[in-house]
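> could you work out the structure for the sequence below:
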Amino acid sequence: MKFFVNEGSIVRKIWGKADTVLFIFAGAAAEFALNKAVDWLYFTGRLPADPLGRLFSTVEYSKRILFSEHEAALKAIDQITAIHQGVEAARGAQIPDWAYRDVLYLLIDYSVRSFELLERDLTNDEKEEVYDVFYRMGQRMQLSGLPHNYTQWQIARAQQLQDNFLKSTFTIDLYKQYRKHLGFLRYHLMKQVQTLLVPAQVRELLGLGRFALLKPVLWGYKLTRLIKLDWLVKEAILPTDYKAQIRSLDHSF
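Next up, the predicted model:
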């Protein structure tokens with residue numbers, strides 16, 4: 001059986017652990033709030049009404065693609081395209097290609113950053129493999145202007161970070177919604193993860209500071225993973241309504 005992502009791929013290892021995916025989730029939460037096209041996410045009302053659900057739907061679609069056989073993955077990508085086309089029709093305008101690329105870029109970047117923060121440094125070949133998977137996803141969506149390899153993408157990502165982010169009233173409102181839906185402790189935990197994870201430009205725009213109190217705690221968490229007690233930590237901090245969804249993010253290899 002042909003898969004969109006090979007069974008032994010580093011991409012499956014990255015997206016096959018719930019905690020790594022949750023870190024990707026935290027990075028996405030930061031960039032959604034700052035993106036200049038965030039008004040598109042507000043247009044349907046789904047993002048401010050249920051930011052956790054909206055972010056989980058992004059993760060779920062990504063996992064459907066990354067762990068499905070080839071044709072099923074293509075259908076999932078086409079479904080994403082169709083959903084966005086429906087939003088465009090309702091608004092009477094077109095989502096710019098750069099906004100699609102921004103979401104693709106954050107998935108690439110936080111796949112690498114999250115795995116390296118929790119596991120180990122990726123090799124250059126592994127980074128190219130991560131990029132290739134999301135590049136093929138973008139090609140299926142008929143996105144223009146995609147770099148051809150990871151090295152070129154790094155240049156495009158640096159430019160995107162300079163051009164496409166802005167702290168706005170949407171940013172402030174979305175973080176209020178994060179706090180409302182996560183609760184005090186989980187909200188501040190998310191911000192600590194973001195401080196460790198996000199690029200400097202994003203960290204500065206959000207006023208996250210340079211130092212994360214979570215850093216020494218992270219070493220302790222890694223130890224709980226080694227002795228198979230990390231589930232106790234997850235049970236204590238995860239939102240009750242999403243525990244089942246989060247557990248389902250773990251894949252066995």
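> now for the chain, the helix or strand with the poorest mean pLDDT.
Of all helical and strand segments in the chain, the minimum by mean pLDDT, DSSP states H and E falls on helix 230-237, at a mean of 54.
> buried set for stretch 4-11?
4, 5, 9, 10, 11 (16 or more other Cβ atoms under 10 Å). Yep, even glycine has a C-beta here, placed from its N, CA and C like the rest.
> of all the residues you listed, which comes closest to residue 167?
When the buried residues of stretch 4-11 are compared for distance to residue 167 (Cβ to Cβ), residue 11 wins out at 31.5 Å.
> what is the most widely separated pair among the buried residues of stretch 4-11?
Spatially, the most separated pair among the buried residues of stretch 4-11 is 4 and 10, at 14.5 Å (Cβ to Cβ).
> out of the buried residues of stretch 4-11, which sit inside helices?
Those of the buried residues of stretch 4-11 mapping onto helices are 10, 11, per DSSP state H.
> same list (the buried residues of stretch 4-11) but as TSV, adding distance to residue 181 and pLDDT.
What follows is the buried residues of stretch 4-11, written out as TSV (distance: Cβ to Cβ, whole Å; pLDDT from 0 to 100):
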residue	distance to residue 181	pLDDT
4	32	95
5	31	95
9	33	95
10	32	97
11	29	96
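> in JSON lines, list the buried residues of stretch 4-11 along with distance to residue 154.
Listed next are the buried residues of stretch 4-11 as JSON lines, based on distance: Cβ to Cβ, whole Å:
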{"residue": "4", "distance to residue 154": "24"}
{"residue": "5", "distance to residue 154": "21"}
{"residue": "9", "distance to residue 154": "20"}
{"residue": "10", "distance to residue 154": "17"}
{"residue": "11", "distance to residue 154": "18"}
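> ok, the buried residues of stretch 4-11 vs residue 162, which is closest?
Distance to residue 162, by Cβ to Cβ, is smallest for residue 11 among the buried residues of stretch 4-11, at 27.2 Å.
> now the closest one: how far from residue 204?
In this view, residue 11 and residue 204 are 30 Å apart by Cβ to Cβ, to the nearest Å.
> and what of residue 147?
Here the distance between residue 147 and residue 204 works out to 25 Å (Cβ to Cβ).
> also residue 181?
25 Å.
> looking at these two, which is more packed in?
Neighbours were counted for residue 181 and for residue 204 using other Cβ atoms under 10 Å; residue 181 has more, 18 against 14.
> state the helix or strand in which the more buried one lies.
Using DSSP states H and E, the element containing residue 181 is helix 169-182.
> packing partners for that helix?
Under the contact criterion of 3 or more Cβ pairs under 8 Å, 6 or more residues apart in numbering; DSSP states H and E, helix 169-182 touches helix 18-34, helix 38-43, helix 46-49, helix 51-66, helix 184-197, helix 200-206.
> cutoff 7 Å now
Using 3 or more Cβ pairs under 7 Å, 6 or more residues apart in numbering; DSSP states H and E as the contact criterion, the secondary-structure elements in contact with helix 169-182 are helix 18-34, helix 38-43, helix 46-49, helix 51-66, helix 184-197.
> residues making contact with it?
If you take Cβ atoms under 7 Å, 6 or more residues apart in numbering as the criterion, helix 169-182 is touched by 29, 32-34, 38-39, 42, 48, 51-52, 187, 190, 239.
> buried only: go through those residues for me.
By the neighbour-count criterion of 16+ other Cβ under 10 Å, the contacts of helix 169-182 include these buried positions: 29, 32, 33, 34, 38, 48, 51, 52, 187, 190.
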